[in-house]
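**Q** Show me how the following folds:
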Amino acid sequence: MARRGAALELAVLGLLHDSPMHGYELRKQLIALLGWGRVLSYGTLYPCLKTLVRQGLIIADDDPDAAIRGRRNRIAYRLTAEGKEYFAHVMEESGPATWDDENFGVRFAFFARTDAPTRVRILEGRRSRLQERLENVRDASLRGRRGADNYTRELQRHGLESVEREVEWLTELIDRERAGGYTVSGDDAGDPDTTSQTA
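**A** I've put the predicted structure just below:
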């Protein structure tokens, strides 16, 4: 399975974990949550949903209220017990696949459903991978500086600074997790202005 496909499946399961959704709402939530660089098409989403239905991880139900509201019948997707169990199992994983560019953002979006030791392992793995990338980018920049024009050097500088910023951010998150993590309450979940660090 392609990495992007696996990340999309995990994101769908995570969003359906709390409540059923129609395809339209699910697509909106996926784009808002993950901020993927390209628009998520229905041609990508619906095959993913069909696969999850075939695997028994979600159920597609007709919306009984659609006719009452004067709308055509829509399908609502919800997680099965097997889907919830599978999602919990996948969220416990913390190996190298969880650190890569496609999977890390999805994992991080659902970190509240992961225990602290798993979060720390994923954050440390991601930081380690980026530190390796940082060394490679620095080496490539030094080697390529002589023949590069100003725009190429600017692009290299931008890439270097982006990776350095993410490494700093990951270090802050690791320190916060080791100090007790975030305290989340009700509607404040995920809001950095109302989320406080525990002592």
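**Q** Contact partners for the residue nearest in space to the middle of the chain?
**A** Centroid-nearest residue in the chain, with CA atoms, centre = their mean: V106, separated by 1.2 Å. Residues near V106 by CB atoms under 8 Å, 6 or more residues apart in numbering: 7, 10-11, 14, 34. Using the backbone N, CA and C atoms, a C-beta is placed for each residue, glycine as well.
**Q** Spell out the secondary structure type for it.
**A** Here V106 is recorded as helix under DSSP: H, G, I helix; E, B strand; the rest coil.
**Q** pLDDT score for it?
**A** Here the pLDDT value assigned to V106 is 89.
**Q** swap in R38?
**A** At R38, the model reports a pLDDT of 58.
**Q** same deal with the one 5 residues further on?
**A** According to the prediction, G43 has pLDDT 87.
**Q** Next, count neighbours for it.
**A** G43: 7 surrounding residues under other CB atoms under 10 Å.
**Q** still on that earlier bit, tell me the one of the contacts of V106 nearest S94?
**A** Set against S94, the nearest of those by CB to CB is L10 (13.8 Å).
**Q** returning to that earlier point: now tabulate the contacts of V106 in TSV and tack on pLDDT.
**A** TSV is the format used below for these (pLDDT from 0 to 100):
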residue	pLDDT
A7	88
L10	93
A11	93
G14	95
L34	74
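**Q** Could you break this protein into its assigned domains?
**A** For the chain, automatic domain parsing gives the domain ranges 3-91, 115-182.
**Q** What is the helix or strand encompassing K28 packed up against?
**A** Assigned by DSSP states H and E, K28 belongs to helix 23-34. Applying 3 or more CB pairs under 8 Å, 6 or more residues apart in numbering; DSSP states H and E, one finds that helix 23-34 contacts helix 3-16, helix 42-54, strand 75-79, helix 101-109.
**Q** and with 7 Å instead?
**A** Contacts defined by 3 or more CB pairs under 7 Å, 6 or more residues apart in numbering; DSSP states H and E place helix 23-34 against helix 3-16, helix 42-54, helix 101-109.
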